[in-house]
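Engineer: This is the structure alone, sequence omitted:
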Ligand SMILES: Cc1ncc(COP(=O)(O)O)c(C=O)c1O
């Protein structure tokens, strides 16, 4: 399957017509336990649902080639996937995170890593020299998130991979916003790719899941697989099936969402009520040139700041009619949120910032809704 283009792979990876029934859509295996033969050998390679199950394995077989990795592991959520990597590290390890990493990982780093004997630093990843200054002898992982949530900052993946390699650290990249339809971190040297499959992979705001794709099926894969088995943050068969279904239309959804987001970002940049638009597809974005090198389009997420401040931003969110006022992203319907309110009292997000997830509506209708909301 290696030479197929992404759109084709997204439809066919990990897919086979069911040999017993001829069913084209994959079956869902809900069984929690699996039989063995007279000699005690598992009949189908599975023994117990927490360890592995056929629907989860089918999703993993689809995800690994989509990201260009050797193996994947799926989890109950994106948080569970990321934290499983941290749980696989020995005490004494150090992790470098982006300063605007998804706020759940910051909470995990601040509230739990110290209990496990792991330290962390947060640095601005749009500057590789800041990463260089932060790595130490005991740094095991340099964590990237590009474009980042919610400021859409862009990190130079190749440059940071080089910094991490010189420090003998692995790199993990949260590719939730871009998806492999637009950005292939493993081709740029990244060791592990992280996804909240709740977002674009599921694609319809109706399933929670997480995934890790490993460049090589080596020691780290083995350790994280063990963490999942013992600590139990597994994906359910039904959720794995829904994500598998979502994958099949990923390429065309993300292409349309990227085109819509670019149109919305350009329109917002012209509106007098808006003081800043954060979208890497805009020539004015500080990371635009780097994003052009490492992304084939710029994704369906953007954020902007309202010139008149927090109250005006809250009012605009309240006036929207077409955008749904809700957190999360990557579904077919466009979503809008006052991001700092969603993140809670510890949020570092500017109070005048509104985050948008662009869905599959016509961008002109979305732009008209934003004009109405902001006026
Ligand atoms: C970039 C990013 N990474 C990870 C996560 C966590 O995913 P989940 O909510 O599936 O645990 C999110 C959730 O919003 C996210 O936006």
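Structural biologist: Sure thing, it's come through. All values derive from a computational prediction rather than experimental measurement.
Engineer: would you say residue 95 is within a strand?
Structural biologist: Yes - looking at residue 95 with DSSP: H, G, I helix; E, B strand; the rest coil, it is inside a strand.
Engineer: Now do the contacts for it.
Structural biologist: Residue 95 makes contacts with 86, 89, 109, 113, 118-121, 139-143, as judged by Cβ atoms under 8 Å, 6 or more residues apart in numbering. Heads up, the C-betas are built off the backbone N, CA and C, glycines and all.
Engineer: Can you tell me who it pairs with across the strands?
Structural biologist: residue 120, residue 141 (DSSP bridges).
Engineer: circling back to that earlier point, could you dump the contacts of residue 95 into JSON lines with pLDDT added?
Structural biologist: Conversion of these to JSON lines gives the following (pLDDT from 0 to 100):
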{"residue": "86", "pLDDT": "98"}
{"residue": "89", "pLDDT": "98"}
{"residue": "109", "pLDDT": "98"}
{"residue": "113", "pLDDT": "98"}
{"residue": "118", "pLDDT": "98"}
{"residue": "119", "pLDDT": "98"}
{"residue": "120", "pLDDT": "98"}
{"residue": "121", "pLDDT": "98"}
{"residue": "139", "pLDDT": "98"}
{"residue": "140", "pLDDT": "98"}
{"residue": "141", "pLDDT": "98"}
{"residue": "142", "pLDDT": "98"}
{"residue": "143", "pLDDT": "98"}
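Engineer: From those residues, list the buried ones, please.
Structural biologist: 86, 89, 109, 113, 118, 120-121, 139-143 (16 or more other Cβ atoms under 10 Å).
Engineer: and the closest residue to the ligand within the chain, how many neighbours?
Structural biologist: For the chain, the residue closest to the ligand is residue 78, as judged by Cβ to the nearest ligand atom, at 2.4 Å. As a burial measure, residue 78 scores 25 neighbours (other Cβ atoms under 10 Å).
Engineer: Quick check: closest non-adjacent residue to it.
Structural biologist: Among residues not flanking residue 78 along the chain, residue 196 sits closest, at 2.7 Å (Cβ to Cβ, 6 or more residues apart in numbering).
Engineer: thinking the one you found is in contact with residue 176, fair?
Structural biologist: Yes - between residue 196 and residue 176 there is a contact under Cβ atoms under 8 Å: 4.6 Å.
Engineer: on that earlier part again, who are the contact partners of the residue nearest to residue 78?
Structural biologist: Contacts of residue 196 by Cβ under 8 Å, 6+ apart are 77-79, 81, 102, 174, 176, 209-210.
Engineer: quick one on the thing from earlier: mind checking how far the residue of the chain closest to the ligand is from residue 171?
Structural biologist: Using Cβ to Cβ, to the nearest Å, one gets 18 Å for the distance from residue 78 to residue 171.
Engineer: and if you look at residue 138?
Structural biologist: 16 Å.
Engineer: Among the two, which residue is more densely surrounded?
Structural biologist: Taking other Cβ under 10 Å, residue 138 and residue 171 do not tie; residue 171 has more neighbours (26 against 15).
Engineer: Show me the beta-bridge partners of the more buried one.
Structural biologist: Assigned bridge partners for residue 171, using DSSP bridges, are residue 142.
Engineer: so who does it touch?
Structural biologist: Residue 171 neighbours (Cβ under 8 Å, 6+ apart): 141-144, 160-161, 164, 185, 189-192.
Engineer: Select from those residues every entry located in helices.
Structural biologist: Assigned to helices by DSSP state H, the following of the contacts of residue 171 qualify: 160-161, 164.
Engineer: Specify which member of those residues is nearest to residue 337.
Structural biologist: residue 160 (28.6 Å; Cβ to Cβ).
Engineer: and that closest one, what does it touch?
Structural biologist: Residue 160 neighbours (Cβ under 8 Å, 6+ apart): 125, 128, 131, 142, 144, 171.
Engineer: Most widely separated two among those?
Structural biologist: Longest span within those, Cβ to Cβ: 128 and 171, 12.0 Å.
Engineer: which residues in the stretch 1-150 of the chain form helices?
Structural biologist: For the stretch 1-150 of the chain, helices defined by DSSP state H, counting those that start in this stretch occupy the ranges 6-12, 54-67, 78-87, 103-111, 128-134.
Engineer: Low-confidence regions, this protein specifically.
Structural biologist: 1-2 (pLDDT under 70).
Engineer: by contact count, what packs against the longest helix along it?
Structural biologist: Looking across the chain with DSSP H, the single longest helix is helix 250-269. Where contact means 3 or more Cβ pairs under 8 Å, 6 or more residues apart in numbering; DSSP states H and E, helix 250-269 is packed against helix 6-12, strand 274-278, strand 301-306, helix 363-374.
Engineer: what's the most buried one of these?
Structural biologist: Burial of these is given as mean neighbour count (mean count of other Cβ atoms under 10 Å); strand 301-306 ranks first at a mean of 24.
Engineer: tell me the angle that strand makes with helix 250-269.
Structural biologist: 10 degrees (axes from the mean of the first three to the mean of the last three Cα atoms, to 10 degrees).
Engineer: angle of whichever helix or strand comes after strand 301-306 against helix 363-374?
Structural biologist: Downstream of strand 301-306, the first helix or strand assigned by DSSP states H and E is helix 310-319. Here the directions of helix 310-319 and helix 363-374 differ by 130 degrees (the same axes, to 10 degrees).
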